[in-house]
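**Student:** Provided below for reference: sequence and predicted model.
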Amino acid sequence: MAERKIFAGPRVRRVRLSLDLTQTAMAEGLGISPSYLNLIERNQRPLTVQLLLRLASVYKVDLDQLQGEGGGAAAQLREVFGDPLLAGEIPGDQELIEVADAAPNAAVGVIKLYRAYKEQAERLSDLADLLAREGHETSLSGARLPMDEVREKLEKRPFFFARIEDAAEAFYAELSPGDDLPSALKAWLRTKHGIAVRTLPIHAMPTLRRRYDRHSMRLFLSERLSLVDRVREIAQEAALLAMGREIAEELNTLSLSSGEALRIGRFELARYAAHALMMPYGTFFAAAQRARFDVDLLASRFDVSFEQAAHRLISLGRSGAAAPPFFLMEADHAGNVIRRSGAQGYPQARFGGLCPKLGIHAAFAQPGQLLAERVEMPDGACFLTLSRTLDGPKAGFGERIRRTAILLGCDWDAASETVYAAAAELPAARVLAGTACRLCERQGCLSRAEPPLTRPLGLDEMVTGLSAFDFQ
C-alpha cells in the first residue's frame with residue numbers, strides 16, 4: 001500500500017520552535033538529515049507515516065495537530081476575503097490555507113477583527129434605521145454588491161413601470177392568444193425570430209433553468225421547472241425581444257452604477273414584463289377587484305402560480321386603476337431575505353419584516369397553507385399579511401427541495417377590500433410584532449433574538465424574565 005504523504009512544513013516548524021530545538025537537533029532525533037528537515041519545513045518534501053510516528057514517539061507530538069489542514073481557520077478566512085471590500089485580493093484558496101497553516105494566531109486575529117467590523121457595521125446600520133424612522137437622514141452605508149444596489153432601488157420606489165405595462169398590453173393584443181398564451185408565444189418566437197423552444201431533461205441541463213443558444217436559435221428550458229414557470233421563461237424571452245426599448249427606458253430610471261447592476265436590473269425588469277404579459281394590467285386588475293384580491297383564485301383564473309399572482313398584485317399602481325398598496329417579501333428558512341418590493345415602495349421603516357413572529361417564518365412549519373394575520377406594530381401601525389411557502393424547481397430523488405416563503409401585505413385600512421379581512425381579525429390571527437429585534441422595545445417577548453439597541457440589558461441575579469434578553 002502506498003504511503004500517505006502529508007505536507008505540513010509550517011506545523012513541523014512550530015513544533016520545533018516550541019521545543020526550542022535547532023533543525024540539526026530535531027533532524028538527529030528523527031534520524032534524518034538537517035537538509036531534509038529543512039525541505040520538509042518548506043513544504044518541498046512530505047511527512048511520511050514513518051516520520052509522523054517518530055515525531056509522536058520522540059517528541060510526544062499529537063498526530064492530529066500535524067494532519068489537520070487548518071480547515072477551520074481557512075474556511076473563516078474565505079468568509080473574510082469573500083467580503084466585497086476584499087474581493088479579488090486573494091486569487092485562490094491555497095494562499096488562505098498557507099496563511100492558516102503558517103501563521104494560525106495571525107489568522108485568528110484577522111478573523112476576530114473582521115467579526116468586530118461586521119458587528120460594528122450591523123450596529124451602525126441598525127442605528128441608521130432607527131434615526132431614519134425618527135426623521136433624521138444619515139449617510140451611513142456599507143459595502144454593497146451590485147445585487148444589493150438593485151434590490152435597494154426596487155425596495156424604495158413604487159413597483160410600477162408604466163412603459164412596460166403599456167407595451168405588454170399592446171403586445172398581448174397583437175398576439176391575441178385566447179386561452180393558450182404559451183402556444184401563441186412559441187409561435188411568435190418561431191415566426192418572428194426563428195427561435196424554437198425545447199424542454200431538456202435534467203441530465204442535459206443539471207444546473208440551469210433556461211439557456212438561449214444563439215447559434216441554433218433555440219431556447220432550452222429545464223424539465224425541473226413547473227409548467228407555469230416554463231411559461232414565464234418563454235414570456236421573459238419574448239418580452240426582451242418585443243419590449244426591449246421600453247425595458248431599457250425603465251432601466252435608465254433606476255440610475256444603476258455598474259455594468260453588473262445594469263444586467264441584474266434588466267433581468268428583474270424582464271421578469272416584471274413577463275408577468276405583465278401573462279396577466280395584462282386591465283384584465284388582471286378587473287379580475288382582482290371582482291375576486292376581492294383572492295390570490296389563489298387569481299392564480300387559477302390566469303393559469304399562473306401563487307407567487308406569480310402575488311408579484312402581479314404589488315405592481316397594480318396605475319393612476320386611476322390602482323389596487324390596495326400591497327407589498328411583498330420573500331425569505332428562506334434561515335431568515336435570509338431574498339427580495340422586498342411594494343406598490344408604493346416597501347414599508348421598511350414601518351413594517352421591517354425581520355421580526356421572528358411574522359407568518360413568513362411560521363409558514364415553513366405548514367408548507368402550502370396560507371396564513372392570514374393582523375400584524376400590530378409597537379407604534380400602533382397595523383397590517384394585513386398573507387404568508388405561504390413556495391417550492392422551487394423540481395428536485396430529483398435524493399435532492400433537497402428549495403423552499404422559500406412569501407409574505408404579501410398591505411395596510412390594515414385597506415384589508416376590508418380583500419377576502420382575507422375576516423380571517424385575519426380572529427384573535428388567533430393577531431400578532432404583536434416589531435420591525436426587528438434590535439429596534440423593538442416589546443417587553444417579555446418570547447421570540448426575541450437580540451437585545452434592543454435603545455435599552456440596557458436588565459441583568460438581575462434575583463429576577464429572570466421570559467425573554468432571553470431582558471432589558472430595563
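**Tutor:** Okay, I see it. Residues are numbered from 1 along each chain as shown.

**Student:** So which elements touch the helix or strand that residue 276 is a member of?
**Tutor:** Assigned by DSSP states H and E, residue 276 belongs to helix 259-278. Contacts defined by 3 or more CB pairs under 8 Å, 6 or more residues apart in numbering; DSSP states H and E place helix 259-278 against helix 146-156, helix 162-175, helix 227-242, helix 244-253, helix 306-313. From N, CA and C alone the C-beta is placed, and that goes for glycine too.

**Student:** After that helix, heading C-terminal, what element do we hit next?
**Tutor:** helix 281-290.

**Student:** Give the other helices and strands that that following helix contacts.
**Tutor:** helix 162-175, helix 295-301, strand 321-322.

**Student:** mean confidence for that helix?
**Tutor:** The average pLDDT within helix 281-290 is 97.

**Student:** Just the CA trace of it, in PDB.
**Tutor:** Only the C-alpha atoms of helix 281-290 are listed here, as PDB (Å, rounded to 0.1, in the frame of the first residue of the first chain):
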ATOM      1  CA  TYR A 281     -53.000  45.000 -16.400                       C
ATOM      2  CA  GLY A 282     -56.600  45.900 -17.300                       C
ATOM      3  CA  THR A 283     -57.800  42.400 -17.300                       C
ATOM      4  CA  PHE A 284     -56.000  41.300 -14.200                       C
ATOM      5  CA  PHE A 285     -57.000  44.500 -12.200                       C
ATOM      6  CA  ALA A 286     -60.700  43.900 -13.000                       C
ATOM      7  CA  ALA A 287     -60.500  40.300 -12.100                       C
ATOM      8  CA  ALA A 288     -58.600  41.100  -8.900                       C
ATOM      9  CA  GLN A 289     -61.300  43.600  -7.800                       C
ATOM     10  CA  ARG A 290     -64.100  41.000  -8.500                       C
END
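
**Student:** quick check: angle from that helix to helix 162-175?
**Tutor:** 100 degrees (axes from the mean of the first three to the mean of the last three CA atoms, to 10 degrees).

**Student:** Could I get the average pLDDT for the host helix or strand of residue 110?
**Tutor:** Residue 110 belongs to helix 104-133 when assigned by DSSP H and E. Helix 104-133 carries an average pLDDT of 69.

**Student:** what separates the closest residue to residue 421 other than its chain neighbours from residue 425, distance-wise?
**Tutor:** Residue nearest to residue 421 in three dimensions, not counting chain neighbours: residue 415, with 4.4 Å by CB to CB, 6 or more residues apart in numbering. Using CB to CB, to the nearest Å, residue 415 is found at 8 Å from residue 425.

**Student:** picking that back up, would you list the helices and strands packed on helix 259-278 in a markdown table and tack on mean pLDDT, distance to residue 29 and mean neighbour count?
**Tutor:** Converted to a markdown table, the helices and strands packed on helix 259-278 look like this (pLDDT from 0 to 100; distance: least, CB to CB, whole Å; neighbours: other CB atoms under 10 Å):
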| stretch | mean pLDDT | distance to residue 29 | mean neighbour count |
| --- | --- | --- | --- |
| helix 146-156 | 91 | 56 | 18 |
| helix 162-175 | 96 | 76 | 18 |
| helix 227-242 | 96 | 67 | 21 |
| helix 244-253 | 96 | 70 | 16 |
| helix 306-313 | 97 | 68 | 24 |
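
**Student:** pLDDT-wise, which helix or strand of the chain ranks last?
**Tutor:** When the helices and strands of the chain are scored by mean pLDDT, DSSP states H and E, helix 63-67 comes last with a mean of 60.

**Student:** can you give me the strands for the stretch 351-472 of the chain?
**Tutor:** 371-376, 382-391, 403-411, 430-432 (DSSP state E, counting those that start in this stretch).

**Student:** which stretch among those comes nearest residue 419?
**Tutor:** Checking the strands of the stretch 351-472 of the chain against residue 419 by CB to CB gives strand 371-376 as the closest, at 9.2 Å.

**Student:** Show me how far that closest one is from its chain's centre.
**Tutor:** Distance, stretch centre to chain centre, for strand 371-376: 24 Å (CA atoms, centre = their mean, to the nearest Å).

**Student:** same question, stretch 279-293
**Tutor:** Centroid displacement of stretch 279-293 relative to its chain, using CA atoms, centre = their mean, is 30 Å.

**Student:** who touches it?
**Tutor:** Stretch 279-293 is contacted from outside by 165, 168-169, 172, 297-298, 301-302, 304, 308-309, 312-313, 316, 318, 321, 323-324, 326, 417-420, using CB atoms under 8 Å, 6 or more residues apart in numbering.

**Student:** And it, what's buried?
**Tutor:** 279, 280, 281, 284, 285, 287, 288, 291, 293 (16 or more other CB atoms under 10 Å).
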